[in-house]
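J.: show me how the following folds:
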Amino acid sequence: MNYPIYLDYNATTPCAAEVVQEMLPYFSEHFGNAASKSHPYGWVAEDAVAIAREKVANLMGAKSKEIIFTSGATEAINLAIKGIFEIYQGEKQHYITCQTEHKAVLDCFAELEKRGAVVTYLSVEKDGSLDLELLKKSIQPETKMIALMWANNETGIIHPIEEIAKIADDNGLIFFTDAVQAAGKIPISVSGIHLMAISAHKFYGPKGVGALYIRHNHNLPKPIAQIDGGGHEKGFRSGTLNVPGIVGMGKAAELKQAEMETEISRLSLLRNQLEESLLQIPGTILNGSQINRLPHVCNLSFEGVEGEELLRKVCQKVAVSSGSACTSISPKPSHVLQAMGMESDLGRASIRFSLGKGTSEQDILDTVDWVKKVVQALRGD
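T.: Below you'll find the predicted structure:
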């Protein structure tokens with residue numbers, strides 16, 4: 001197939017070649033179940049999982065015993081949020097999150113509301129940033145958790161995690177962060193955080209594997225398991241471990257830690273080149289802050305065009321999205337851009353460009369040329 005230029009790295013990334021090579025033996029030669037403790041097949045698999053757990057922990061500055069492997073970030077998010085809700089079953093419960101969170105988080109809280117929890121959805125500024133004074137004022141005696149993402153998947157906005165962690169700590173609250181778009185892209189640390197979700201396929205690992213960081217040696221409670229079974233993963237997540245996937249996630253974490261600084265610099269330059277060139281098109285608007293955001297993400301709105309047609313035409317030669325991959329088929333405007341105060345028509349005529357390892361300067365030049373042609377044609381210029 002003659003694929004278009006790929007600029008949708010926030011949706012998913014290709015498995016790095018080194019990751020695939022690391023995984024292959026665990027599909028056939030080293031095929032043992034990591035829970036089989038009585039023979040070498042199980043021992044080899046168990047050792048491979050332990051090594052990967054250490055590598056994933058290193059990516060976020062955690063201890064290996066604090067990493068629980070899951071099927072991906074959505075499962076990790078459900079375990080974190082619903083698992084804490086069940087700890088406090090029978091009590092009045094209040095949670096604080098934000099209108100611009102990923103749907104996996106928002107849908108979890110919608111479910112908790114059905115079960116009797118009260119949830120505050122913080123509004124954001126026009127650039128997508130949080131008002132920390134509003135966060136402080138939202139805390140109630142019954143508040144159990146603050147749940148705020150590290151970096152937004154649509155705009156790339158990075159929230160002030162250290163300050164949020166301090167607010168949570170000062171008030172004795174659990175702080176959960178969805179760090180899916182930050183892990184492997186920018187330096188992260190679990191300092192002050194109680195629960196953190198990440199996903200391998202966002203940083204050149206395989207799909208179908210993720211992790212939940214669960215802080216140890218702290219008086220705040222840990223979540224209750226959401227899957228019953230053999231008590232795997234210290235009882236937090238039952239089920240036979242996906243050994244090849246976990247091995248791949250460990251290798252991807254190791255690679256990203258080594259190349260992160262170089263990629264931040266390279267992708268920032270390419271992103272800025274793309275953004276500055278496209279903003280020269282009249283009626284083009286940058287969505288989100290230019291300061292505190294991921295180095296590889298650019299979200300732009302194009303006035304005077306129909307959003308669905310814009311996306312369809314651009315994607316003929318450049319693979320992009322109008323928001324989260326989980327909601328990309330929806331004709332509705334992005335809930336993130338709506339929360340930032342954008343009117344619906346302009347929200348639908350928005351494109352997220354997210355760059356990655358395979359992005360070259362020629363890709364940027366070709367993308368700028370194609371997007372300009374598409375916008376001009378749709379406007380009848």
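
J.: neighbours of Glu125, just the number please.
T.: Residues lying near Glu125 (other CB atoms under 10 Å) number 14. C-beta: built from backbone N, CA, C; applies to glycine.

J.: does it belong to a helix, a strand or coil?
T.: coil (DSSP: H, G, I helix; E, B strand; the rest coil).

J.: count of neighbours near the spatially closest residue to it that is not a sequence neighbour?
T.: In this structure, Glu125 finds its nearest non-sequential neighbour in Asp131, 6.6 Å apart by CB to CB, 6 or more residues apart in numbering. By other CB under 10 Å, the residues close to Asp131 number 13.

J.: then Ala110?
T.: Other residues lying near Ala110 total 11 when counted by other CB under 10 Å.

J.: gap between it and Val247?
T.: 35 Å (CB to CB, to the nearest Å).

J.: next one: Ala117
T.: Counting by CB to CB, the gap from Ala117 to Val247 is 38 Å.

J.: and the two? which has more neighbours close in?
T.: Neighbour comparison, Ala117 and Val247: the larger count goes to Val247, with 27 against 20 (by other CB under 10 Å).

J.: can you pull the contacts of the more buried one?
T.: If you count contacts by CB atoms under 8 Å, 6 or more residues apart in numbering, Val247 has them with Glu22, Met23, Tyr26, Ala48, Val49, Ile51, Ala52.

J.: can you tell me the SS state at the second one?
T.: This points to Met23. Per three-state DSSP, Met23 ends up helix.

J.: longest helix anywhere in the protein?
T.: helix 243-278 (DSSP state H).

J.: in it, what's buried?
T.: 243-257, 260, 263-264, 266-267, 270-271, 274-275, 277-278 (16 or more other CB atoms under 10 Å).

J.: residues contacting Ala253?
T.: Under the criterion of CB under 8 Å, 6+ apart, the neighbours of Ala253 are Ala52, Lys55, Val56, Asn58, Leu59, Gly184, Phe203, Gly205.

J.: now Ile281
T.: If you count contacts by CB under 8 Å, 6+ apart, then Ile281 has Phe302, Val371, Lys372, Val375 around it.

J.: can you give me the strands in the protein?
T.: With DSSP state E as the criterion, the chain has strands at 5-6, 67-70, 94-98, 118-122, 143-147, 174-178, 195-199, 210-214, 284-286, 297-302, 318-319, 350-354.

J.: just to revisit the earlier point, how big is the angle separating the longest helix of the chain from strand 297-302?
T.: Interaxial angle, helix 243-278 versus strand 297-302 (axes from the mean of the first three to the mean of the last three CA atoms, to 10 degrees): 50 degrees.

J.: which ones among the contacts of Val247 map onto helices?
T.: Using DSSP H, these in helices are Glu22, Met23, Ala48, Val49, Ile51, Ala52.

J.: top of those by neighbour count?
T.: Greatest neighbour count in those, by other CB under 10 Å, goes to Ala52: 30 neighbours.
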